[in-house]
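In: Okay, here's the prediction I keep looking at, along with the sequence it came from:
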Amino acid sequence: MTVEIPHCPNCGSKEVSRNGQTRHGKQNYKCRECGRQFVLNPAWKPITKELHELMSRMLLERISQAGIARVLQVSEDTVQRYVNSQAAAVKKQVEVTPKEKKRLSVQMDELWSFVDSKGNQQWVWLALDAQTREIVGVHIGDRSAVSAQALWNSMPPVYRQCAVIYTDHWSAYDSVLPSKRHRAVDKDSGLTSYIERFNCTIRQRVSRLVRKSLGFSKKLENHLAAIWRFVHHYNANLQL
């Protein structure tokens, strides 16, 4: 019978000693070189950088966190901890290619969503450059003029100075957008078709935005992060 000689997973040293047992009854060891405590063949496996990268790509698809856990064969808690850690790191500001000061065309629309329950509505306000198809403004909040103002403020200065903005007839836009450059149009005009198409795209790609979904957000921070993560991914891919 071959006896496995323990070695430290941290420094590789074989200068280890027995150090009691874990609460699960496994033999615990301690490295004399670096002080690391460990067990042989632990049930818990560290999450590798490659697995984190794969998890990040899967979060950009229409896959629930429970689905990601099943595919990667990790616990749902592991996925949730990763989502929580990434939520704080996501930049909540649009990043677009520089534009010259010239006539620009922007389409705006708002998308319904919710957090935890349908009573907690979170409207996703979006602005899209009709020429480049970049998302140039984002705000998540209620459906009031305050949110319309926040969407306007989220756009780069060149758009606020030069763009003609096409929207539907929602009254909040009238109270915020410059009257000389604001065009309220019907859907059948085709002048908001790009942003309406993007709304369909983001609903299909972000499981938290799918109607009648079990993949909805329970925390506002994670809801915001999922939307911003996809917006950054979408804009970056347009530039490839």
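Out: Nice, thanks for sending it over. Numbering: from 1, shown residues only.
In: which element is residue 202 on?
Out: helix 193-205 (DSSP states H and E).
In: Give the other helices and strands that the helix or strand following that helix contacts.
Out: Proceeding N to C from helix 193-205, the next assigned helix or strand is helix 220-238, under DSSP H and E. Packing contacts for helix 220-238, counted by 3 or more Cβ pairs under 8 Å, 6 or more residues apart in numbering; DSSP states H and E, involve helix 76-87, strand 135-141, helix 193-205. Placement of C-beta: from N, CA and C, glycine included.
In: ok so, going back, tell me which residues are up against the helix holding residue 202.
Out: 60-62, 107-109, 111, 124, 126-128, 130, 133, 135, 187, 209-211, 227, 230, 234 (Cβ atoms under 8 Å, 6 or more residues apart in numbering).
In: what do you get if the cut-off is 10 Å, keeping everything else the same?
Out: 60-63, 105-113, 124, 126-131, 133, 135, 166-168, 187, 190, 192, 208-211, 213, 226-227, 230-231, 233-234 (Cβ atoms under 10 Å, 6 or more residues apart in numbering).
In: Using CSV, write out every CA atom in that helix.
Out: Extracted in CSV, the C-alpha atoms of helix 193-205 (Å, rounded to 0.1, in the frame of the first residue of the first chain):
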residue,chain,number,x,y,z
SER,A,193,-35.7,51.7,-34.6
TYR,A,194,-32.1,51.2,-33.6
ILE,A,195,-32.7,51.8,-29.9
GLU,A,196,-35.8,49.6,-30.0
ARG,A,197,-33.7,46.8,-31.5
PHE,A,198,-31.1,47.2,-28.9
ASN,A,199,-33.8,46.9,-26.2
CYS,A,200,-34.6,43.5,-27.7
THR,A,201,-30.9,42.5,-27.8
ILE,A,202,-30.3,43.4,-24.1
ARG,A,203,-33.4,41.6,-23.0
GLN,A,204,-32.3,38.5,-24.9
ARG,A,205,-28.7,38.6,-23.5
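In: by how many degrees do it and helix 220-238 diverge?
Out: Put simply, helix 193-205 runs at 120 degrees to helix 220-238, going by axes from the mean of the first three to the mean of the last three Cα atoms, to 10 degrees.
In: for helix 193-205, what is the average pLDDT?
Out: Across helix 193-205, the average pLDDT comes to 93.
In: Over to stretch 53-73?
Out: Rounded mean pLDDT across stretch 53-73 is 89.
In: Do you have the strands of this protein handy? List them.
Out: Taking DSSP state E, the strands of the chain run over residues 16-21, 27-31, 37-38, 104-111, 114-115, 117-121, 123-129, 135-141, 163-167, 182-184.
In: Which strands and helices lie in contact with the last one?
Out: Under the contact criterion of 3 or more Cβ pairs under 10 Å, 6 or more residues apart in numbering; DSSP states H and E, the helices and strands touching strand 182-184 comprise strand 104-111, strand 163-167, helix 171-174.
In: Is it possible to get CSV of these that adds mean neighbour count, mean pLDDT and distance to residue 25?
Out: Formatted as CSV, those follow (neighbours: other Cβ atoms under 10 Å; pLDDT from 0 to 100; distance: least, Cβ to Cβ, whole Å):
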stretch, mean neighbour count, mean pLDDT, distance to residue 25
strand 104-111, 22, 97, 53
strand 163-167, 23, 98, 65
helix 171-174, 17, 96, 63
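In: Dump the strands of the chain into TSV; add distance to residue 47 as well.
Out: What follows is the strands of the chain, written out as TSV (distance: least, Cβ to Cβ, whole Å):
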stretch	distance to residue 47
strand 16-21	25
strand 27-31	22
strand 37-38	17
strand 104-111	33
strand 114-115	27
strand 117-121	31
strand 123-129	30
strand 135-141	29
strand 163-167	44
strand 182-184	49
